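What would the 3D arrangement of this be:
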Amino acid sequence: MKIKNKNKFAKRAKKLFLGAAAIVALLVVALLPTKYVIEAPGAALPVGDYIKTSGVKSQKNLYLVTVSERRAVLADYLWSFTQPYEERLTWDEATGGTSSDQYEQLQEWYMQTSQQNAIYYAAKAAHKQAKLKYQGVYVMEVQKRSSFKGKLLMGDTIVAANGHKFQSTKGFMSYLQKQRIGDKVTITVLRSGQKKRFSGKIVKVKGTGKPGIGISMVERVKVETSPKTTIEVGDIGGPSAGLMFSLGCYQNFTGKNLTKGHKVAGTGTIDAQGKVGIIGGVDKKVVAADKEGAEVFFAPTDRTGGVKKSQTNYAVAKRTAKKLGTKMKIVPVADFEDALHYLEQHYK
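The predicted model follows:
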C-alpha cells in the first residue's frame, strides 16, 4: 500500500514538474525580443500642461495627441495582429536607419523646432513682440568623407569655427567655403549643455563640391517673446504637436478662451509662416482623441512630397473616424488661420 501511494505521488510530481517546465518554456519563447516596434494609439494631453507664459495661467482645453511606440517581444508582436490600430515596423523603418541615440536626438530637435515655431507664430498672430535669436546649427548627419566622422554627433550644436561666431547658418557656411581643401579647422559645439572642441580638415562637401566640414545641418534658433513663453514637454518627442502648441500659446498671449469649455484636439507640424504640415500615425491619433472625448480634431491637408488627396492626414482621419463611429468632427487645416477661424466661428 505504501509503495502504491509512493508511485502515485511520484507520477503526480512528475506531471507538475513537466507542466511547470512547459509554462516556463512558453514564457521564455513569448518574451523573446523581435526586431519590430509596435506603433499604437497613445494619449490626448492638454497643451496647457506644458506651456508657461509669464503672468498667465494656461487653459486645458486644447489637446495634443501622441502615438505610443514600444519594442516588441514575440507575444506582443503576435497580439498586435488582433488590434486594429496597432502597426508593426522594423527598427530601421521606425527610425530611418539611425541608432537609438541618434533617433532620440533627432526627435528632440524636431520637438524643439516645433516649439520655437509655435511660440513665434502665435506671438506674431497675437501682435506681441517676438524675435528669433540664432543659436548655431544642429548636426543632422556626418558624411563618410568628413574628418569629423566619429567626433561630431547628431544633435550637436555648432556655435563657432576657429573661434569665430556667426549670426546665421549662411554666415557659418560662407566662412567655411572661404577656406581651402585640407586646411585645419576647429569646431566648437554644445553637447548636453557642455562646450566641446574638435579639430579636423576642410573637405569637399558631397552634393555641393564646395569646401566645408562634411555635415548636413539645420539652423537652431531660440524665440524671445514678450511676455516670456516657454514649452517644456519632458520625454515627448517629434514635431507633430506644433499646431496645437501654437493655438495654446495664442490663447495665453491674447487671454482668449478659444473653445469655451469644449475639448479640441489636433495634430500637424507648424513652421515660422504658420503653415501646418503632414505627420505620421494620424489614424492612431484619431483613436486617442476620441477616447479622450474630444469633440473636434484638426487634421492637416498638406500634400508635401506628392501625397495623393485621398492619402492626406485629413482624408485618413475622416476614414478612421467613420470606421470608429465617432461623433468627433474632423476639420481640415492648411495653416494656423484655418484652425483659428474655425474656433472663432464655432465657439463665440
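
What distance do you get for residue 289 to residue 264?
9 Å (Cβ to Cβ, to the nearest Å). Glycine gets a C-beta too; all of them are placed from N, C-alpha and C.

tell me, what's touching those two both at once?
63, 297 (Cβ atoms under 8 Å, 6 or more residues apart in numbering).

looking at this, residue 316 is in a helix?
Yes: counting by DSSP: H, G, I helix; E, B strand; the rest coil, residue 316 is located in a helix.

so it sits right up against residue 282, yeah?
Yes: taking contacts as Cβ atoms under 8 Å, residue 316 lies within contact range of residue 282: 5.2 Å.

Between the two, which contacts overlap?
With Cβ under 8 Å, 6+ apart as the test, residue 316 and residue 282 both reach residue 299.

Have a look at those two and say which one is more surrounded.
residue 282 (25 against 18; other Cβ atoms under 10 Å).

I figured the more buried one was touching residue 318, is that so?
No: applying Cβ under 8 Å, one finds residue 282 not in contact with residue 318, separated by 10.1 Å.

which residues do those two both contact?
residue 299.

who touches the helix or strand hosting residue 222?
Counting by DSSP states H and E, the element that carries residue 222 is strand 215-226. By Cβ under 8 Å, 6+ apart, the surrounding residues in contact with strand 215-226 are 109, 112-113, 116, 119-120, 123, 128-143, 146, 148, 152, 157-158, 168-169, 253.

And residue 289 and residue 264? Which one has more around it.
Per other Cβ under 10 Å, whichever of residue 289 and residue 264 has more neighbours is residue 289, with 30 against 25.

and that one, that one's in a helix?
Yes: counting by three-state DSSP, residue 289 is part of a helix.

and it, what does it touch?
Residue 289 neighbours (Cβ under 8 Å, 6+ apart): 44, 63, 65, 265-266, 297, 328.

Likewise for residue 286?
297, 299, 317, 320-321, 324, 326, 328, 330.

CSV for the residues you listed, including distance to residue 54 and pLDDT?
As requested, the contacts of residue 286 are exported to CSV (distance: Cβ to Cβ, whole Å; pLDDT from 0 to 100):
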residue, distance to residue 54, pLDDT
297, 31, 98
299, 32, 97
317, 35, 97
320, 39, 97
321, 38, 97
324, 40, 96
326, 38, 96
328, 34, 97
330, 35, 98
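
Tell me the buried residues in stretch 124-137?
When neighbours are counted by 16 or more other Cβ atoms under 10 Å, the buried residues of stretch 124-137 are found to be 124-126, 128, 130, 134-137.

separation between residue 65 and residue 141?
Taking Cβ to Cβ, one finds residue 65 at 29 Å from residue 141.

And the two? Which one has more around it.
residue 65 (29 against 15).

Surely residue 189 is in contact with residue 196?
Yes: counting by Cβ under 8 Å, residue 196 is a contact partner of residue 189 at 5.4 Å.

Could you give the number of residues near residue 244?
Neighbours of residue 244 (other Cβ under 10 Å): 26.

Distance of the closest residue to it other than its chain neighbours relative to residue 247?
Spatially, and ignoring its direct neighbours in sequence, residue 244 is nearest to residue 64 (4.6 Å; Cβ to Cβ, 6 or more residues apart in numbering). Distance, residue 64 to residue 247, by Cβ to Cβ: 10 Å.

Overlap of the contact sets of the two?
47, 266.

Tell me which stretches of the stretch 201-348 of the chain form strands.
203-204, 211-212, 215-226, 229-231, 264-266, 269-270, 276-277, 296-300, 329-333 (DSSP state E, counting those that start in this stretch).

Averaged pLDDT, the first one. What do you get?
When you say that, I think you mean strand 203-204. Averaged over strand 203-204, pLDDT sits at 91.

partners of that strand, with directions?
strand 211-212 (antiparallel) (DSSP bridges).

Next: the last one.
Note on strand 329-333: by DSSP bridges, its sheet partners are strand 296-300 (parallel).

contacts for the strand it pairs with?
Against strand 296-300 from outside (Cβ under 8 Å, 6+ apart): 243-244, 262-269, 276-279, 282, 285-286, 289-290, 312-314, 316-318, 321, 328-334, 339, 342, 346.

Where do the strands of the stretch 51-200 of the chain begin and end?
According to DSSP E, counting those that start in this stretch, the strands that the stretch 51-200 of the chain contains are 51-53, 62-73, 87-90, 129-142, 157-161, 184-191, 194-201.

Which one of those strands lies nearest to residue 258?
strand 62-73 (7.1 Å; Cβ to Cβ).

the helices in the protein, which residues?
Applying DSSP state H to the chain gives helices spanning 2-30, 74-79, 91-95, 100-125, 169-177, 242-254, 282-292, 313-324, 336-346.

ok, back up a step: list buried residues within the contacts of residue 289.
Buried among the contacts of residue 289 by 16+ other Cβ under 10 Å: 44, 63, 65, 265-266, 297, 328.

and which of these is nearest residue 72?
Closest to residue 72, out of all of the buried ones among the contacts of residue 289 and judged by Cβ to Cβ, is residue 65, at 21.9 Å.

Grab the nearest non-local neighbour of the closest one.
In space, residue 65 is closest to residue 285, 4.0 Å off (Cβ to Cβ, 6+ apart).

intersection of neighbour lists for residue 189 and residue 196?
Common neighbours of residue 189 and residue 196 (Cβ under 8 Å, 6+ apart) are residue 156.

more crowded one of the two?
Counted by other Cβ under 10 Å, residue 189 and residue 196 do not tie: residue 189 has more neighbours, with 22 against 14.
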